[in-house]
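Student: I'll drop the sequence and a predicted model, then ask my questions.
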Amino acid sequence: TDLRPLDILAEVVPSDGATSGIRIVQVHGARGLQLSAAAPHVMSFPASRIFSQCDLFPEEFSIVVTLRVPHLPPKRNEYLLTVVAEESDLLLLGLRFSPAQLHFLFLREDTAGAWQTRVSFRSPALVDSRWHTLVLAVSAGIFSLTTDCGLPVDIMADVPFPATLSVKGARFFVGSRRRAKGLFTGLVRQLVLLPGSDATPRLCPSRNAPLAVLSIPRVLQALTGKPEDNEVLKYPYETNIRVTLGPRPPCTEMEDAQFWFDASRKGLYLCVGNEWVSVLAEAKERLDYVEEHQNLFTNSETLGIEVFRIPQVGLFVATANRKATSAVYKWTEGKFVSYQNIPTHQAQAWRHFTIGKKIFLAVANFEPDEKGQEFSVIYKWSHRKLKFTPYQSIATHSARDWEAFEVDGEHFLAVANHREGDNHNIDSVIYKWNPATQLFEANQTIATSGAYDWEFFSVGPYSFLVVANTFNGTSTKVHSHLYIRLLGSFQLFQSFPTFGAADWEVFHIGERIFLAVANSHSYDVEMQVQNDSYVINSVIYELNVTAQAFVKFQDILTCSALDWEFFSVGEDYFLVVANSFDGRSFSVNSIIYRWQGYEGFVAVHSLPTVGCRDWEAFSTTAGAYLIYSSAKEPLSRVLRLRTR
């Protein structure tokens, strides 16, 4: 071999990029190849194609790689490059990485036989979803790794790289080890073998070290942000896309040629020259009226609903029913139809969440089971049975709600324990997922008073959890509390005066952050209950960054409000309240309020409801919908939002 760079990627990707399963993706202004959809044999070629004059792998060489690796689960290994003997399937040489290490593998033979040797570099800092360029230089017994033109890490191995490693009858595989297990799931931009020398001096120093170039395939060489005339026809092309609900993301050199989709306005933009340029006219969709779409007859009165999707399966709604059986319904041909019944004990709420590929559904049970024991249950979706099956039972006390959230890669569940016997002043509990046991374990207790709801949200790097406290044993006039996570636990951040608080809803409008509480009832044992004690103000608070606190933004008169739901249509933002009781009747109207800037939220639609308990907004390809549950009749209703 001569000393020219051998572009391994160019050998498996034709100049027109037409290989089946390979996708070209642009991230942070640079294009790379996504290989995971291609079959392993597609991304291979015989070693004889580049070792035409000699069958021996060079004794001294370097491998240059530019790649972008997403977060990998623990113990996951992926292959970037392998050389495999076709007949025996023996691994002759390979480059593999895990979340904490980069491994170089090679076959060593002597009179005692053949064995595989591994040289491992710790913490190469690859799995951070950023571009990196690595140079692995091999010379006799010295193995050197340089990352982004930084200081090299040298390893003097006990076993040197062999001087006579034959690749006769072998094949190069890019992104695999000839089989599906260990497929490379990231992006690769450059993969070059340089025989006879260390490639580092050819690359470094570099103005953009993470993207330093020795040789890349022609299909990746076009200037970012300036597509060629027939680019879409030449090869499948994708670009990284940001999706937000209002806030405008930065458009800098790092985001050049990146798309941004504004979900609230249905506008598509391209970052060009530090400016977002519209490439799709914004849809001026507006809410016209609300119409009844479906009467969903339920097993009994419904105290809570949860709408969720399961990838490749469909859209579902889970109903928390007062009697012994709750249900899951699947969206089929434009309606929810019965899918699965689940035994519950006066279920109050469901919470859908995922951990990795695991899909869960947790129910908050308010009453004890047949044995007098109080348990709420977490169910796990079975991909084989296509049903939810019991996974873990957790002792709770008249549970009203579950909240699932993630902080720094760790998963949590918070339960709102309402009361124990007649005592409402008890602890609610935050549980943490233990990856070792694959179970939730108690992590922190928080004193609550008739807890009804938890709501989690983040502001920048800070994580918050707010509880709706309903009753302290003598009065519904109790403080509900907002907690901030510091030093591994949630600590009190702010307290709010509330009246039978039943729900918190956090939402964003542009850069502004709001927190709405649903107040249900003003009651005190020392005062006589009057009809108007249910007709009280619920409150919307707004985050004041300067004061580092939420301050009152707007009072809205409600009738024993039990839930708020925020949603948007086109450029408009809405809040719908679940009004449940006015002191005389459960047949009261729930109201949709529209955001009108300086005026705040203004009532625009009045919806007849009976004992309304919970609202959920969802969308399908056919349009946007609302669904509400009734705590007073076995009937929930799906409403369609008609737009113009």
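Tutor: Structure's in. What do you need?
Student: residue closest to the middle of this structure?
Tutor: T354 (8.6 Å; Cα atoms, centre = their mean).
Student: nearest residue to that residue other than its sequence neighbours?
Tutor: Spatial nearest neighbour of T354, excluding adjacent residues (Cβ to Cβ, 6 or more residues apart in numbering): F360 at 6.9 Å. From N, CA and C alone the C-beta is placed, and that goes for glycine too.
Student: quick one: contacts of stretch 338-349?
Tutor: 299, 303-304, 306, 316, 320-330, 363-369, 377, 379, 387-388, 399-402, 614 (Cβ atoms under 8 Å, 6 or more residues apart in numbering).
Student: Let's see that with 7 Å instead.
Tutor: With contacts defined as Cβ atoms under 7 Å, 6 or more residues apart in numbering, stretch 338-349 is touched by 303-304, 316, 320-322, 324-330, 363-369, 379, 387-388, 399-402.
Student: Among those, name the buried ones.
Tutor: 303-304, 316, 320-322, 324, 326-330, 363-366, 379, 388, 399-402 (16 or more other Cβ atoms under 10 Å).
Student: Let's see which of these end up in strands.
Tutor: Judged by DSSP state E, the buried ones among the contacts of stretch 338-349 include 303-304, 316, 320-321, 326-330, 363-365, 379, 388, 399-402 as members of strands.
Student: Any idea which helix or strand in the protein has the lowest mean pLDDT?
Tutor: helix 231-234 (a mean of 30; mean pLDDT, DSSP states H and E).
Student: Identify each buried residue in the helix or strand containing N295, please.
Tutor: Per DSSP states H and E, N295 falls inside strand 287-297. Going by neighbour count (16+ other Cβ under 10 Å), the buried part of strand 287-297 is 287, 290, 293-294, 296.
Student: could I get the residues you listed as a markdown table with distance to A199?
Tutor: Formatted as a markdown table, the buried residues of strand 287-297 follow (distance: Cβ to Cβ, whole Å):
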| residue | distance to A199 |
| --- | --- |
| L287 | 60 |
| V290 | 64 |
| H293 | 63 |
| Q294 | 64 |
| L296 | 64 |
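Student: Could you work out the most separated pair of these?
Tutor: Every pair in these was compared (Cβ to Cβ); the two farthest apart turn out to be L287 and L296, at 22.1 Å.
Student: can you give me the strands in the stretch 151-300 of the chain?
Tutor: With strands called from DSSP state E, counting those that start in this stretch, the stretch 151-300 of the chain shows them at 153-156, 165-166, 170-174, 187-195, 237-239, 241-244, 259-262, 267-272, 275-280, 287-297.
Student: These: lowest mean pLDDT?
Tutor: Comparing mean pLDDT across the strands of the stretch 151-300 of the chain, the weakest is strand 237-239, with a mean of 46.
Student: you'd agree Q340 is in a helix?
Tutor: No. Secondary structure of Q340, determined by DSSP: H, G, I helix; E, B strand; the rest coil: strand, with no helix assignment.
Student: which residues does it bridge with?
Tutor: Taking DSSP bridges, one finds V328 as the beta-bridge partners of Q340.
Student: Distance check, it against V64.
Tutor: Applying Cβ to Cβ, to the nearest Å, the value for Q340 to V64 is 53 Å.
Student: Of these two, which one has the most company?
Tutor: For Q340 versus V64, neighbours defined as other Cβ atoms under 10 Å are more numerous around V64 (27 against 17).
Student: which residues touch that one?
Tutor: Contacts for V64 were tallied using Cβ under 7 Å, 6+ apart; they are 135, 190, 192, 194, 199, 214.
Student: pretty sure Q491 is touching Y483, no?
Tutor: Yes. Look at Q491 against Y483 with Cβ atoms under 7 Å: they come within range, at 6.1 Å.
Student: Which one of these two is surrounded by more residues?
Tutor: Set Q491 next to Y483 and count neighbours by other Cβ under 10 Å: Y483 wins out with 22 against 11.
Student: and the closest residue to that one other than its chain neighbours, bridged to which residues?
Tutor: Nearest residue to Y483, sequence neighbours excluded (Cβ to Cβ, 6+ apart): F490, at 3.8 Å. Note on F490: beta-bridge partners by DSSP bridges are R485.
Student: My guess is F490 contacts Q444. True?
Tutor: Yes. Using Cβ under 7 Å, F490 makes contact with Q444 at a distance of 6.3 Å.
Student: Neighbour count for these two, which is higher?
Tutor: Comparing F490 with Q444 by other Cβ under 10 Å, the one with more neighbours is F490, at 23 against 19.
Student: give me every residue that touches the more buried one.
Tutor: Contacts here follow Cβ under 7 Å, 6+ apart; on that basis F490 touches 430, 444, 446, 465, 483-484.
Student: Among the residues you listed, which are located in strands?
Tutor: Applying DSSP E to these, the entries found in strands are 430, 444, 446, 465, 483-484.
Student: quick check: angle from the strand or helix carrying F566 to strand 287-297?
Tutor: Using DSSP H and E, F566 maps to strand 561-569. With axes from the mean of the first three to the mean of the last three Cα atoms, to 10 degrees applied, the angle from strand 561-569 to strand 287-297 works out at 130 degrees.
Student: Show me what the helix or strand following strand 561-569 is in contact with.
Tutor: On the C-terminal side of strand 561-569, the closest following helix or strand by DSSP H and E is strand 572-579. The list of residues contacting strand 572-579 from outside it, by Cβ under 7 Å, 6+ apart, reads 286-287, 509, 516, 518, 538, 558-568, 588-595, 601, 609, 612-615, 626, 628.
Student: Now which of the residues you listed would you call buried?
Tutor: By 16+ other Cβ under 10 Å, the contacts of strand 572-579 give 287, 509, 516, 518, 538, 558-568, 588, 590-595, 601, 609, 612-615, 626, 628 as buried.
Student: re the thing from before, output the strand holding N295 in CSV, but only the C-alpha positions, please.
Tutor: Extracted in CSV, the C-alpha atoms of strand 287-297 (Å, rounded to 0.1, in the frame of the first residue of the first chain):
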residue,chain,number,x,y,z
LEU,A,287,-60.8,28.0,16.8
ASP,A,288,-64.3,28.6,15.5
TYR,A,289,-66.6,26.5,17.7
VAL,A,290,-66.7,23.2,19.6
GLU,A,291,-68.9,20.3,18.6
GLU,A,292,-69.8,17.0,20.2
HIS,A,293,-67.9,14.2,18.5
GLN,A,294,-68.4,11.0,20.7
ASN,A,295,-70.3,9.9,23.8
LEU,A,296,-67.9,7.5,25.5
PHE,A,297,-69.9,5.2,27.8
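Student: R637 and N295 touch, don't they?
Tutor: Yes. Counting by Cβ under 7 Å, R637 does reach N295; the two are 6.0 Å apart.
Student: Count the residues that sit near A436.
Tutor: 5.
Student: can you confirm it is in a helix?
Tutor: No. Judged by three-state DSSP, A436 forms no part of a helix; its state is coil.
Student: Residues contacting stretch 632-644, please?
Tutor: By Cβ under 7 Å, 6+ apart, the residues outside stretch 632-644 that reach it are 285-302, 305, 319, 336, 569-570, 586, 610-611, 623-630.
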